[in-house]
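sequence first, predicted coordinates after that:
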Amino acid sequence: MNRCLRPTLLTLALCAALPLHAVADSVHDAQSPTDLAEVRVQARKAEVSPSPSGAFGAASWKDAPASINVVSRATLDDRHVRTLSEVARQDASLGDSYAPLGYYQNVAIRGFALDTGTGYQFNGLSTTGEQRIALEHIAQVEVLKGEAGLAAGVMAPGGIINYVAKRPDEVRALTLGTDSEGSRYVAADVGHWLTPRFGVRLNAAWEQPHTYIDHTDGRRNFYALATDWLISDRSRLQVDANYHTSAQRSASGYQLLGGSALPGRVDRSQLLGYQAWQKPVAIASTNITALHTYQFNDAWQSRLSAGHSRSVIDDNVAFAYGCFYAAACADGSVPGQFFAPDGDYDIYDYRSPDDTRINQQARAELRGRFTTGSVSHELSLGADVLRRTVDKRRNVNEYVGTANIGDRQVPQFEPSPLQPGPSVRRLYSRQDALFVLDRISLGEQWQLLAGGRHVRLDERAHDKRGNLERHSRLSRFLPQAAVIWKLDADTNLYTSYVRGIALGQEAPFWTTNEGTFLAPVLSRQLEVGLKHSPVADLQLGAALFRTSQPFQYAMPDDSSAGFSFVQRGQQTHTGLELTANGRLTERLQLTASASFLQARARDAGTPAYEGHQLVNVPKLRANVHLDYRLPQVEGLAVSGGWRYAAANPATANGAARAPGYSVFDAGLRLQHEAGGRPLTWRLSVDNVFNTFYWRDTGSSAGDYYLFPGAPRQARLTVTVGL
């Protein structure tokens, strides 16, 4: 009997849920041994694109004229990566951008914070960034660095992070884990081809994280299902769905003392503003994607895809913010949006339940190859529509008391008696787009890429009472062009030019024009890169780029608030990226990257804000990680890593900087068999020397925060093959 048709309990349960016509097709195929063998080969074929969201068609890493990094499943497992902030550690071009523990996190690429509405994708389709992405069902995380208007339309110019789901396979594995704080972790990965034409994969995880910050222990549950249906030899349908819930108190960030000095008495275990009545932040998210491909012939393929992403956030926090009510700030001599010079800070009862974000996208694409004379073409063209809505209730944000960062125990205050208001539609955004990209091969050495995306945006923003606050309409063509020169079989040199567009930012509440959304901004990027692959398992890359867009900031003036939020001058990021990924020898694997980045503003009208590095953009980041399989003990591997960041600006005038830091990590992996079952033990120790450092000086809603890096943490997991 064929192994795929054994009547296991999993097989019977899932077959009962299949459409009757799908079962009939499978039985018919099983009667033909020749056809069945051919289909099984197709079923195992990997279809993971190295180019996030198809930004460059079906191009390989070397043929994509952009800086792309792929974080593999093995890396996620070996280094116990479970959060977005931990993903950012794997590439020097990434950094945290307001990534508090216990809340959804955001990162910056090339110094630009990603737009949570369009900067994140699941299987190449837009997903809400306001969720805690689970990684148990992810095969790889793709990072497309730089302007990607062709791939995502209206977006921040930093880039895109695309999560690619695991595909069905014959796998049964159970992972148990804990850490030095006493966390408990269980994950299951079960896949099976029910028939030669229909496969499923289930991933589930249950975790009770215990953290290094007091009062922030939490819980989460995660379930994901992936299916592949080979409808025919030419047609395939892939569907992925996942559901994730989490509950955990969020940790507020520190702020500069008096707006100019770093806090000097920092206990990383203390939860700023802790109040016993503070409820955890609860986040529930659902993500669904479907992709249908049809191969007309060897040259042409159609791709129809659709995605739905929904995140519901019950935001509850005793929020440590500013010093408007502190004695040291009462006379107005100290900016109220920072902590007081003596370390006093205000505590706010902030509650915003049922904060609902929904992204829905549909795309139709045609990919094909043809020739015109001696010139060959690889063409991608299509259309998509993206709809995004944000529904929120009128929040509670009330001052309840003042504490100090030196308090061993935070004073307890009464919560606000106010209650959140009714839910209203705060944002409706729709993008309609047509896109085309033609890869033109001129002989063996030269390729030209030309194309673009025409975007029509219709967006309405409303205030807390549902009144129309802004209606933005725009229609733009975002061009993309590149030239690739194949120096030899192992080396490509490219240059590219891309234009993009991003929505204007919202003015902070402490500015004269608070709540105002500025006009959309155009961005431009020029990039030159080199990609070299001396052997099949080693990739070396270098990219030199320059990205610019209008500078958006709170400009000091003589207005009643003292600041007005404006677009003035240019913000320009110029940088060099170096990467090396792969095997140096049969036993030694290297992952390394470095980012040299100058980010400055010019002609902004405020001389004190110009001529120095912008906030939360270190000039240099680097990381190196080595993994070595010991020849003396079969199945045993050791690893070590180094992460470095230069001094990080924390104020717009460059007067305060978080010091640079070096952090060292280590790991151990042992693979063996016990009772005929494979076991993999993984031990990782992050921040081996328990270094104190500020990992993030990012901003949220126009305010700047400081987040300390985690102390030494050890994690242990064992994965058992069932």
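Good, I have the coordinates. Numbers count the residues shown, from 1 in each chain.

got the end-to-end distance for stretch 603-611?
10 Å (C-alpha to C-alpha, to the nearest Å).

same question, stretch 120-134
Stretch 120-134: ends 13 Å apart by C-alpha to C-alpha.

what do you get for stretch 248-264?
27 Å.

ditto for stretch 486-493
Taking C-alpha to C-alpha as the criterion, the two ends of stretch 486-493 lie 6 Å apart.

again, but for stretch 706-721
Distance between the boundary residues of stretch 706-721 (C-alpha to C-alpha) amounts to 42 Å.

return the set of buried residues in that stretch.
706-710, 713-717, 719 (16 or more other C-beta atoms under 10 Å). Heads up, the C-betas are built off the backbone N, CA and C, glycines and all.

would you point out which residue is most central in this protein?
I161 (4.7 Å; C-alpha atoms, centre = their mean).

tell me the bridge partners for that residue.
With DSSP bridges applied, I161 shows beta-bridge pairing to Y120, V143.

that one touches L114, doesn't it?
Yes. Using C-beta atoms under 8 Å, I161 is in contact with L114, at 7.0 Å.

got JSON lines for the buried residues of stretch 706-721, with pLDDT too?
As requested, the buried residues of stretch 706-721 are arranged in JSON lines below (pLDDT from 0 to 100):
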{"residue": "L706", "pLDDT": "96"}
{"residue": "F707", "pLDDT": "96"}
{"residue": "P708", "pLDDT": "96"}
{"residue": "G709", "pLDDT": "96"}
{"residue": "A710", "pLDDT": "96"}
{"residue": "Q713", "pLDDT": "97"}
{"residue": "A714", "pLDDT": "98"}
{"residue": "R715", "pLDDT": "98"}
{"residue": "L716", "pLDDT": "98"}
{"residue": "T717", "pLDDT": "98"}
{"residue": "T719", "pLDDT": "98"}
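
just the residues you listed: which are in strands?
707-708, 713-717, 719 (DSSP state E).

and of these, the nearest to A99?
F707 (6.9 Å; C-beta to C-beta).

and the gap between that closest one and G253?
5 Å (C-beta to C-beta, to the nearest Å).

then S85?
Taking C-beta to C-beta, one finds S85 at 13 Å from G253.

can you check A604 too?
26 Å.

which strand in the chain has the most residues?
strand 344-372.

all helices for the chain, in order.
Applying DSSP state H to the chain gives helices spanning 9-15, 20-30, 33-43, 73-78, 84-88, 149-152.

picking up where we left off before, which residues are in contact with each of F707 and G253?
Jointly contacting F707 and G253 under the rule C-beta atoms under 8 Å, 6 or more residues apart in numbering are 100, 696.

returning to that earlier point: any chance of a markdown table for the ones in strands among the buried residues of stretch 706-721, columns distance to S183?
Shown next, in a markdown table, are those (distance: C-beta to C-beta, whole Å):
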| residue | distance to S183 |
| --- | --- |
| F707 | 20 |
| P708 | 19 |
| Q713 | 10 |
| A714 | 11 |
| R715 | 8 |
| L716 | 10 |
| T717 | 11 |
| T719 | 17 |
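
pull up the overlap in contacts between I161 and L114.
107, 120.

thinking Y628 is in contact with R587, fair?
Yes. If you go by C-beta under 8 Å, Y628 and R587 touch, sitting 5.9 Å apart.

who has more neighbours out of these two?
Y628 (16 against 12; other C-beta atoms under 10 Å).

for that one, what are its contacts?
With C-beta under 8 Å, 6+ apart, Y628 has these contacts: 587-589, 637-639.

return the subset of those lying in strands.
Those of the contacts of Y628 lying in strands (DSSP E): 588-589, 637-639.

right, and the pair among the residues you listed with maximum separation?
Q589 and V638 (11.5 Å).

between these two, which contacts overlap?
Joint contacts of Q589 and V638 (C-beta under 8 Å, 6+ apart) are 627-628.

these two - which one has more neighbours?
Q589 (22 against 14).

can you tell me the closest non-neighbouring residue to that one?
Counting by C-beta to C-beta, 6 or more residues apart in numbering, Q589 lies nearest to D627, which is 4.4 Å off, once chain neighbours are set aside.

what's near enough to touch that neighbour?
78, 588-589, 591, 637-639, 667, 669.

kindly report the same for R643.
By C-beta under 8 Å, 6+ apart, the neighbours of R643 are 89, 622-623, 662-665.

run through the bridge partners of it.
N623, V663.

against P335, how distant is it?
32 Å.

now do A592
A592 is 41 Å from P335, by C-beta to C-beta.

with T245 instead?
Taking C-beta to C-beta, one finds T245 at 39 Å from P335.

what are the buried residues along stretch 207-218?
Buried, per 16+ other C-beta under 10 Å, within stretch 207-218: 207, 209, 211-213, 215-218.

among the residues you listed, which lie within strands?
Per DSSP E, strands hold the following members of these: 207, 218.

how about CSV for the buried residues of stretch 207-218, with pLDDT and distance to V566 added?
Shown next, in CSV, are the buried residues of stretch 207-218 (pLDDT from 0 to 100; distance: C-beta to C-beta, whole Å):
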residue, pLDDT, distance to V566
E207, 97, 44
P209, 96, 42
T211, 96, 39
Y212, 96, 40
I213, 96, 37
H215, 96, 40
T216, 96, 38
D217, 96, 43
G218, 96, 40
